[in-house]
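J.: Provided below are the primary sequence and the corresponding predicted coordinates.
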Amino acid sequence: MKPLEHITALALSLCLSAAAFAQSGTNSGTNAGANANVDAALVAYRRGDAIAALNLLHPLADGGDTEAQFTLAMVLEFGLGKEEEAAGWYRRAAGTGHAAAANSLGAMYFDGRGVPEDRARARELYLAAAQRDYAPAQYNLAQLYGQGAAGQRDDAQMIVWLERAAKSGYARAQAQLGRLHMDGTGVPQDFAAAARWFRAAADQDDPRAQFYLSVLMQKGAGVARDPDRARAWLEKAAGQGNDLASFELARAYELGLGLPPDAGKALRYYRRSADAGYTLAMERLLRVYRNGELGVAPDAILEQLMTVRLRLARSHGKN
């Protein structure tokens, strides 16, 4: 399974407003002026001025504004690397029922960042946020149950929480649920259900779902066989850097599988897949640099560099 998702990292990478994470009934201290200051702090953070963001957020956070506390924790964690201090502000916001803060604090306990590693405490925090219908926490809780990371593995609970998150429209949960239906893990194998969940997530630009939907469409499993649409989904997934999609597209261009052979494009997609950490792509590039293939002359230096990258990837358990 994929690692648990730390939604605050996602929030900052997408430049979402902190107001997007507001939970009903958890931010009674917030008014229009406070919201404006929180938004202004995020603007300052995005332009690289974390100190200005702190100056805007601290008075509000000290006064009990939970959205400011949550946003302050994000800036401290990701802008300044002050994880212990960030955990304290996540804890204060979570204590008033702020679900996103509880989820982020859970991720810190899961990883042991800024707080001692404590998987049981992580599960408690994910559960508290999940029960408030916070989809990222529902997804994290499902992953935790599926991994058995805080006790015995429980596929039934994994499915329960994945379905709740997926039915709320959360793309990552939809993609994961599709994969479980495709593989028959925790649920009976059902390619039609897998295709429905993959399509729901693919329509939200989830690259994993786009890749697996392309696989089902290519095979006609659970959905009408459609090689042209399958290739279109494969290209979308590869365009977002998905390792498996990039590798399959590279093979298609190298071998002429439904596409005109094109060594240049094959090389580009193998490199993209390798950059995403896919070891099979690294192995192929290793042979390319050693033997001089795909229009590339033998290159001992690139071969050596790829050997090191492959060794490191395998040491980290990558496929």
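T.: Received the coordinates, thanks. Numbers count the residues shown, from 1 in each chain.
J.: isn't Gly151 up against Ala120?
T.: Yes. Counting by Cβ atoms under 8 Å, a contact exists between Gly151 and Ala120, whose distance comes to 7.4 Å. Where you see a C-beta, it was placed from the backbone N, CA and C, and this is true even at glycine.
J.: what residue ranges in the stretch 1-150 of the chain score low on pLDDT?
T.: 1-33 (pLDDT under 70).
J.: show me where pLDDT drops low in the stretch 151-300 of the chain?
T.: For the stretch 151-300 of the chain, no range has pLDDT under 70.
J.: show me where it has its helices.
T.: Secondary structure of the stretch 151-300 of the chain by DSSP state H, counting those that start in this stretch: the helices cover 155-167, 171-183, 191-202, 207-219, 227-239, 243-255, 263-275, 279-291, 300-315.
J.: for Phe78, which of those is the nearest?
T.: Phe78 lies closest to helix 171-183 among the helices of the stretch 151-300 of the chain, at 19.7 Å (Cβ to Cβ).
J.: and the angle for the closest one with helix 207-219?
T.: Inter-element angle recorded for helix 171-183 and helix 207-219: 30 degrees (by axes from the mean of the first three to the mean of the last three Cα atoms, to 10 degrees).
J.: need the helices of the stretch 151-300 of the chain in TSV (columns: distance to Pro59).
T.: Formatted as TSV, the helices of the stretch 151-300 of the chain follow (distance: least, Cβ to Cβ, whole Å):
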stretch	distance to Pro59
helix 155-167	35
helix 171-183	35
helix 191-202	41
helix 207-219	41
helix 227-239	44
helix 243-255	45
helix 263-275	43
helix 279-291	50
helix 300-315	46
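J.: go through those and name the closest to Ala53.
T.: Smallest distance to Ala53 across the helices of the stretch 151-300 of the chain (Cβ to Cβ): 27.6 Å, for helix 171-183.
J.: just the CA trace of the closest one, in CSV.
T.: Extracted in CSV, the C-alpha atoms of helix 171-183 (Å, rounded to 0.1, in the frame of the first residue of the first chain):
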residue,chain,number,x,y,z
ALA,A,171,-10.0,10.5,-5.4
ARG,A,172,-7.2,8.7,-3.5
ALA,A,173,-9.7,6.5,-1.7
GLN,A,174,-11.5,5.8,-5.0
ALA,A,175,-8.3,4.7,-6.7
GLN,A,176,-7.3,2.5,-3.8
LEU,A,177,-10.8,0.9,-3.6
GLY,A,178,-10.6,0.2,-7.3
ARG,A,179,-7.3,-1.5,-6.9
LEU,A,180,-8.7,-3.7,-4.1
HIS,A,181,-11.6,-4.7,-6.3
MET,A,182,-9.3,-5.4,-9.2
ASP,A,183,-7.0,-7.6,-7.0
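J.: what comes into contact with that helix?
T.: Residues lying outside helix 171-183 but in contact with it, judged by Cβ atoms under 8 Å, 6 or more residues apart in numbering, are 1-2, 5, 135-136, 138-139, 142-143, 159, 162-163, 165-166, 185-187, 189-191, 193-198, 200-201, 204-206, 208-209, 212-213, 216.
J.: no further queries at this time; thank you.
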